[in-house]
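Undergrad: turn this into a structure:
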Amino acid sequence: LVAACERIDYIELAPPEVLFKQPNNQIWLEAKCMARNGTRAVRARVDWSVADRTVAQVDEKGRLTPAGDGETEVIARVGDVEARAPVQVIYVDRVEIEPKVLRLKEGAEAVKVSIKAFRKNGKLITDRSPTLSAADKNIAQIVGEGAILPLDPGSTTVDVQVDGAHASVEVIVEPDKQKK
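TA: Residues are numbered from 1 along each chain as shown. The predicted model follows:
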């Protein structure tokens, strides 16, 4: 009943827009219910919702969490006054590696493979860093910023992970016939 006495002309949302890159992220939103004269209605009860619950979800206290890749809006409403803020959730859906098989000579220089991360809608994601890991570190090791260094002859796989998405490249290290 107290909120009914407080005049609300507009709602300011903070932050004004949200970007999620990881599934375990969350953010607390703040809705400032304001009158035109600059007075804040501190007792106003804000009803929170999202336009698309498959992309993000919000609880009754304004805690926003991602649900899936895409775009939506978070909505704060008090009576017939509402404010909206855009919400983007950008997840890595798949990783592509070129080449799929890497043949190297024993003792050769380290080589970088081409790694690309994509959203579910097929759009390229360029702001994420891959993590590489060799299954058999006697055959190949990861050096520098993701280069594959051939060591001893044999074959192994190198797992590439970008956020939660995985791919692998087969690495074949051939003996150096000149080496005696």
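Undergrad: do a quick rundown of the helices in this structure.
TA: 2-5 (DSSP state H).
Undergrad: show me where it dips below the pLDDT cut-off.
TA: Within the chain, the segments meeting pLDDT under 70 span 1-5, 179-180.
Undergrad: okay, which residue is most central for it?
TA: residue 21 (2.3 Å; C-alpha atoms, centre = their mean).
Undergrad: what sits against that one?
TA: For residue 21, the contact set (C-beta atoms under 8 Å, 6 or more residues apart in numbering) comprises 90, 91, 127, 128, 163. Backbone N, C-alpha and C define where each C-beta goes, glycine included.
Undergrad: cutoff 7 Å now
TA: residue 90 (C-beta atoms under 7 Å, 6 or more residues apart in numbering).
Undergrad: give the bridge partners for the residue lying closest to residue 173 once chain neighbours are set aside, please.
TA: Distances taken as C-beta to C-beta, 6 or more residues apart in numbering place residue 150 nearest to residue 173, at 4.2 Å, with adjacent residues excluded. Counting by DSSP bridges, residue 150 is bridged to residue 140.
Undergrad: relative to residue 124, how far out is residue 150?
TA: Residue 150 sits 29 Å away from residue 124 when distances are taken as C-beta to C-beta, to the nearest Å.
Undergrad: and these two? Which one has more around it.
TA: The neighbour comparison of residue 150 against residue 124 (other C-beta atoms under 10 Å) goes to residue 150, with 25 against 9.
Undergrad: wait, isn't the more buried one in contact with residue 109?
TA: No. Using C-beta atoms under 7 Å, residue 150 is not in contact with residue 109; the gap is 8.7 Å.
Undergrad: list the contacts for residue 93?
TA: 69, 118, 119, 120, 165.
Undergrad: ok, now which ones touch the first one?
TA: Each residue near residue 69 by C-beta under 7 Å, 6+ apart is listed here: 89, 90, 91, 93, 119, 120.
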